[in-house]
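Participant: sequence and predicted structure below; questions after.
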Amino acid sequence: MSDGFTVIGMEKLQKKLRKNVDLNKVKKIVKTNGADMQAEAKRNADFKGHYEGKKFVPPTGRLRQSIGLEMTDGGMTAEVEPHTEYAPYVEFGTRFMNAQPYMKPAFEKQSKQFRKDMNELVR
């Protein structure tokens, strides 16, 4: 499932970083921010259950537990995503169910911190 987010200009940034910065520090920032985003997404995935007809169905926690972090591109990319088939329906909603965003708010919050961390590194 790849309903993820993309940061535009990563190739240009990576070239500049290779010239000016220790890449191990960049990788550490990427990993730390990825882990923080994963934790925030899991905190956001605090669902209260739902009704199927008149029957209340309590949450199982499966979606929260499925939110994983994978480091790729030699540590230059952190991929945070849920691994349940119904994850997009919860995030975006359906015509029968309101959206309950958990990934987008985590991304928006973490992207600010990531930019701040990277700006500190390239000074």
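Facilitator: Good, I have the coordinates. Since this is a predicted model, take the numbers as computed values, not measurements.
Participant: residue ranges of the strands in this protein, please?
Facilitator: For the chain, applying DSSP state E gives strands covering 50-52, 55-57, 68-72, 77-81.
Participant: quick one: strands adjacent to the second one?
Facilitator: Each strand that strand 55-57 pairs with, and the sense of that pairing, follows from DSSP bridges: strand 50-52 (antiparallel).
Participant: just the CA trace of the biggest helix by length in the chain, in CSV.
Facilitator: Counting by DSSP state H, the longest helix found in the chain is helix 23-44. Once non-C-alpha atoms are left out, helix 23-44 reads as follows in CSV (Å, rounded to 0.1, in the frame of the first residue of the first chain):
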residue,chain,number,x,y,z
LEU,A,23,25.9,11.6,5.8
ASN,A,24,25.8,9.5,9.0
LYS,A,25,24.3,12.6,10.7
VAL,A,26,21.7,12.8,8.0
LYS,A,27,20.8,9.2,8.4
LYS,A,28,20.5,9.6,12.1
ILE,A,29,18.1,12.5,11.6
VAL,A,30,16.1,10.5,9.0
LYS,A,31,15.8,7.5,11.4
THR,A,32,14.9,9.6,14.4
ASN,A,33,12.3,11.5,12.6
GLY,A,34,10.9,8.3,11.0
ALA,A,35,10.6,6.7,14.5
ASP,A,36,9.0,9.8,15.9
MET,A,37,6.5,9.9,13.0
GLN,A,38,5.7,6.2,13.6
ALA,A,39,5.1,6.8,17.3
GLU,A,40,2.9,9.8,16.5
ALA,A,41,0.8,7.9,13.9
LYS,A,42,0.3,5.1,16.5
ARG,A,43,-0.8,7.6,19.1
ASN,A,44,-3.2,9.1,16.6
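Participant: fine, thanks again, bye for now.
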